[in-house]
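**Q** pasting a predicted model and its sequence here:
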Amino acid sequence: MKKFYGIITIAILCLSASFLFTFEVNAQQTGSWPMFHGNPQHTGYTSTNGPSTNQTLWTYNTNGWVLSSPAVANGVVYFASSDKGYFGVSNNNLNAVNATDGTKLWNFSAGGKIYTSPAVADGMVYFGSDDHTFYALNAQTGALVWKCVTGDEAEGSPTVSNGIVYAGSNDGKLYAFNATVGMPLWNFTTCGNVVSAPAVFNGVVYFGSYDHAVYALDALTGTQIWTYTTSSAVESSPVVADGNVYIGSYDNNTYALNADTGALIWKVITGYDQCVQASPAFANGLIYTGGAFDHNIYALNATTGANEWNYTTSNEITTAPAVAGNTVYVACSLANKTYALNANTGAFKWSFQTSGYVYSSPAIVNGIAYFGSYDGNLYAIGQTTNATTSVGSGALPTYAYVAIIAVLVIVIAVALYMVRKRRH
């Protein structure tokens, strides 16, 4: 009898472990958007679903402008707010709020406007400011850990990979810092502002410059591997996927370059008059990008550059699209509007109107889209049921239920076997 109960106890423990494991995996897969475009490759994609309606869950008002995109990690939304106007220095903050209800946790004041999107890694949050400084803060408390001064405004959003922070500055340099202590590791000089947020993959860092070039550098040493010259400034941030680098240029083209050699794979005109400022997103074999002055969001075949569909919005698109599940979310900057479109067909799903320009690309976590506006607000858009959950979407994925049922079947089978064995 003791043996029987021992087996049942072990089976129950296995069931509990399985449940917790699948729950934890689900949390890891859906619970963060820790830097610009979600990851070091800047794909701007999550396999989990985003909001299916334009319902406002909460807003957080900063009394300033929200100029950049938020990051979300460990149940916290990190985002920057800046003085209204162009010369103020008193209301430039990196803010941390509760992702569930928008409750303020802390803010940190910088000495200049903050155009960069923050990056979060290993308990730290990183950002740059127009006060010529890159900052690293304690992600829980907002306390300053380190800062490094550059030669001009630090307007390139940082990317964190393998313990190194990469970020560009208007002094024409891309910098690499030790993420823990801020020690400069190397810098690479271009001939123009580096606003493009670097993408990092497989030991290589990729970025663009206002000197019309796209660069690939060794991520550890800063040694140049290759460069590709476009016909105008490159403000767009690159995406690295399927062996290629995808990036836009002010010459109106979106480019696909071989990630190893920089060789041109294809280029496609996606607008006119300094059109392609937006950083592309990659999902399911498609590149999603926006044309600023032709008002279109495009879905291009990532292999060939062929136009799969395009949707005409009501004004310019300068922000990076984000893709969640089967939906692409993109801001129409001067129309003060964010759109949700079917990612496969471009069909309209819904839109959300703010009262100020939207230059903030959405971060999508646990079915909620977070983005900011010139009206001073950070918005959380999604379904009410999602807002009440602290991990995942509130419901376990299918594979979790399959695992639970499988363990239950094993428990019952073992129990029946033991009962029959005792009777004999």
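**A** Structure received.

**Q** make sure Tyr329 is indeed in a strand.
**A** Yes: Tyr329 sits within a strand when classified using DSSP: H, G, I helix; E, B strand; the rest coil.

**Q** how does this protein divide into domains?
**A** 2-23+399-423, 32-390 (automatic domain parsing).

**Q** export those to CSV and tack on mean neighbour count and mean pLDDT?
**A** No exception for glycine: its C-beta is placed from N, CA and C like everyone else's. Formatted as CSV, the domains of the chain follow (neighbours: other C-beta atoms under 10 Å; pLDDT from 0 to 100):
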stretch, mean neighbour count, mean pLDDT
domain 2-23+399-423, 13, 49
domain 32-390, 21, 92
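
**Q** how about Gly172, what does it touch?
**A** The contact partners of Gly172, by C-beta atoms under 8 Å, 6 or more residues apart in numbering, come to 152, 189-194, 209, 211.

**Q** make TSV from those and add secondary structure and distance to Asn344 to it.
**A** Converted to TSV, the contacts of Gly172 look like this (DSSP: H, G, I helix; E, B strand; the rest coil; distance: C-beta to C-beta, whole Å):
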residue	secondary structure	distance to Asn344
Asp152	coil	43
Thr189	strand	43
Thr190	coil	38
Cys191	coil	41
Gly192	coil	37
Asn193	coil	36
Val194	coil	35
Ser209	coil	34
Asp211	coil	37
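
**Q** looking at the residues you listed, which is nearest Val160?
**A** Val194 (16.7 Å; C-beta to C-beta).

**Q** that closest one reaches Lys173, doesn't it?
**A** Yes: assessed by C-beta atoms under 8 Å, Val194 is found in contact with Lys173 at 6.4 Å.

**Q** can you show me the helices along the stretch 151-300 of the chain?
**A** Taking DSSP state H, counting those that start in this stretch, the stretch 151-300 of the chain contains no helices at all.

**Q** any idea how far Thr227 is from Asp251?
**A** Look at Asp251 and Thr227: by C-beta to C-beta, to the nearest Å, they are 16 Å apart.

**Q** check Val125 too.
**A** Taking C-beta to C-beta, one finds Val125 at 31 Å from Thr227.

**Q** what of Gly262?
**A** Distance from Gly262 to Thr227, by C-beta to C-beta: 7 Å.

**Q** what residues are shared contacts of those two?
**A** Shared contacts of Gly262 and Thr227, counting by C-beta under 8 Å, 6+ apart, come down to 214, 216.

**Q** list phi and psi for the closest residue to Asp101 other than its chain neighbours.
**A** The shortest distance from Asp101 to any non-neighbouring residue, by C-beta to C-beta, 6 or more residues apart in numbering, is to Trp58 (5.9 Å). Dihedral angles phi and psi of Trp58 (degrees, to the nearest 10) take the values phi -160, psi 160.

**Q** okay, and the beta partners of Trp58?
**A** Ala380 (DSSP bridges).

**Q** mind listing what Lys337 touches?
**A** 313-315, 331, 351-354, 358 are the contacts of Lys337 under C-beta under 8 Å, 6+ apart.

**Q** err, His132, not the other one
**A** Residues counted as contacts of His132 (C-beta under 8 Å, 6+ apart) are 112, 149-154, 169.

**Q** filter these down to just the ones in strands.
**A** Among the contacts of His132, the members falling in strands are Val149 (criterion: DSSP state E).

**Q** what's the most distant pair in the contacts of His132?
**A** For the contacts of His132, the maximum inter-member distance is 14.0 Å, found between Gly112 and Gly151 (C-beta to C-beta).

**Q** ok, back up a step: any chance of the contacts of Lys337 in CSV, with distance to Val66 and secondary structure too?
**A** CSV is the format used below for these (distance: C-beta to C-beta, whole Å; DSSP: H, G, I helix; E, B strand; the rest coil):
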residue, distance to Val66, secondary structure
Thr313, 20, coil
Ser314, 21, coil
Asn315, 18, coil
Ala331, 12, strand
Ser351, 19, strand
Phe352, 15, strand
Gln353, 16, strand
Thr354, 10, coil
Val358, 9, coil
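
**Q** which of these lies closest to Ser161?
**A** Distances from Ser161 to the contacts of Lys337, taken as C-beta to C-beta, are shortest for Ala331 (26.1 Å).

**Q** show the contacting residues for the closest one.
**A** Shown in contact with Ala331 (C-beta under 8 Å, 6+ apart): 317, 319, 337-339, 358-362, 371.

**Q** quick one: distance of stretch 165-182 to the chain centre.
**A** Distance, stretch centre to chain centre, for stretch 165-182: 19 Å (C-alpha atoms, centre = their mean, to the nearest Å).

**Q** tell me where the stretch 1-150 of the chain has strands.
**A** 45-46, 56-61, 71-73, 76-81, 93-98, 104-109, 119-121, 124-129, 133-138, 144-149 (DSSP state E, counting those that start in this stretch).
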